[in-house]
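*Asks:* Here's a sequence, model it:
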Amino acid sequence: MQAKAVVFTAPSVVEYQTVACPEPGPRDVVVRVTHSWISNGTEGSFLRGERIAGDTPYRPGDPWPFPIIAGYQKIGVAEWVGSEVTDIQVGETVFAALGKVEGLFSPWGGQISPSVSPREQIWKLPPGVDPLAYSGLVLTQVGYNCGSRAGIAIGEGAIVIGDGMVGQWAAQTLAWRGANVLLVGRHADRLQRFPTGPSRHVVNMSETDWVATAQQLFPQGAQIAVDTVGSTQAIEQVMPLLRRYGHIISAGFYGVNDNIALQPLRNRELSVDLVSGWSKERMDATLQLIAGGHLQTLPLITHHFPVTQAADAWQLIRNKGESALGVILDW
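*Replies:* Residues are numbered from 1 along each chain as shown. Alright, predicted model coming up:
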């Protein structure tokens, strides 16, 4: 069968084109996509040719990772259900992660419609919430993973570096858990999307010394630091801000520039948690937190583009002249 997809055909080249998909099997669901949520960081890294799969960086000698279908998350309507799928009905609105494709660098892709997706890549959406709120579910789950990974007591300090979507959702998760959160970023409009309060703080590193702010806010040291921007410099800066036995959560993509000295970590007996990908348990928990209003997604959406103008959406993201946070492709 054939489908339409957003395809990265070469570095910095985005095309909306027809692709071939395998015929669906008994464990598959065919989803007609209505909206897909761009992952600015991960997809941008693939578009630049920096990755060949997941969190695997491209190295000289690796196969050239093009053409490849962008993304890994969308919502849509189930229009065909395999004979072995008994809990999803035709016509239901669902979230879908990856779909199958043939003849490209990877046999999987996100921004493709119709999407031939295994049942394991499908989530039923609870009623009462705009389905669009779930269209970035995998990425929201990454933020949840960051914010839930390490133990923290109510009132203990947590520093989140990066005001992008993962940073926002990591900060929201930590605040939901009762942490005293400091979100560090460099975009005033993004920082305003994290409502401040007695235990919710923001600092713009472009205008203020964020290290001094953290020292003042957490004089005894913070318990958790989350790096969502892939900066070893940021990790080195945050180490002295943590109390003994603190935790560093690393969610950024460092490519091949990922060397961090162990001894400074040992001196303070700090632990490092490396988050990646998704699991069913985390996806389920994230979906419930969105449904319960504890994780806010819709306020992070800044732009909509028709899917036929996906290249324009990426031009906006790359230019960074206008604040592009949550960018939705409308199918």
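*Asks:* okay, now residue 89: neighbour count?
*Replies:* Residue 89 has 11 neighbouring residues, counting by other CB atoms under 10 Å. Heads up, the C-betas are built off the backbone N, CA and C, glycines and all.
*Asks:* I misspoke; the intended subject was residue 298.
*Replies:* 13.
*Asks:* and if you look at the one 4 residues further on?
*Replies:* When neighbours are counted by other CB under 10 Å, residue 302 registers 16.
*Asks:* same question, the one 10 residues further on
*Replies:* When neighbours are defined as other CB under 10 Å, residue 312 has 13 of them.
*Asks:* Could you look up the SS state of the nearest residue to residue 308 once chain neighbours are set aside?
*Replies:* Distances taken as CB to CB, 6 or more residues apart in numbering place residue 16 nearest to residue 308, at 5.3 Å, with adjacent residues excluded. Following DSSP: H, G, I helix; E, B strand; the rest coil, residue 16 is assigned to strand.
*Asks:* Make 26 the starting number, not 1.
*Replies:* Taking 26 as the first residue, the last one we looked at is residue 41.
*Asks:* show me what contacts residue 41?
*Replies:* 29-32, 332-333, 335-336 (CB atoms under 8 Å, 6 or more residues apart in numbering).
*Asks:* Which among the residues you listed count as buried?
*Replies:* 29-32, 332, 335 (16 or more other CB atoms under 10 Å).
*Asks:* Take the residues you listed and lay them out in TSV including pLDDT, secondary structure and distance to residue 58.
*Replies:* Output for those, formatted as TSV (pLDDT from 0 to 100; DSSP: H, G, I helix; E, B strand; the rest coil; distance: CB to CB, whole Å):
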residue	pLDDT	secondary structure	distance to residue 58
29	98	strand	9
30	98	strand	10
31	98	strand	10
32	98	strand	15
332	98	helix	8
335	98	helix	12
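*Asks:* where exactly do the helices run in the stretch 26-175 of the chain?
*Replies:* With helices called from DSSP state H, counting those that start in this stretch, the stretch 26-175 of the chain shows them at 65-72, 162-173.
*Asks:* Just send these back as TSV, with mean neighbour count and mean pLDDT too.
*Replies:* Shown next, in TSV, are these (neighbours: other CB atoms under 10 Å; pLDDT from 0 to 100):
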stretch	mean neighbour count	mean pLDDT
helix 65-72	21	95
helix 162-173	27	98
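*Asks:* from memory residue 28 sits against residue 142, does it?
*Replies:* No: in this structure residue 28 lies outside contact range of residue 142 using CB atoms under 8 Å: 11.4 Å.
*Asks:* Comparing those two, which residue is more hemmed in?
*Replies:* More neighbours surround residue 142 than the other of residue 28 and residue 142, with 27 against 22 (other CB under 10 Å).
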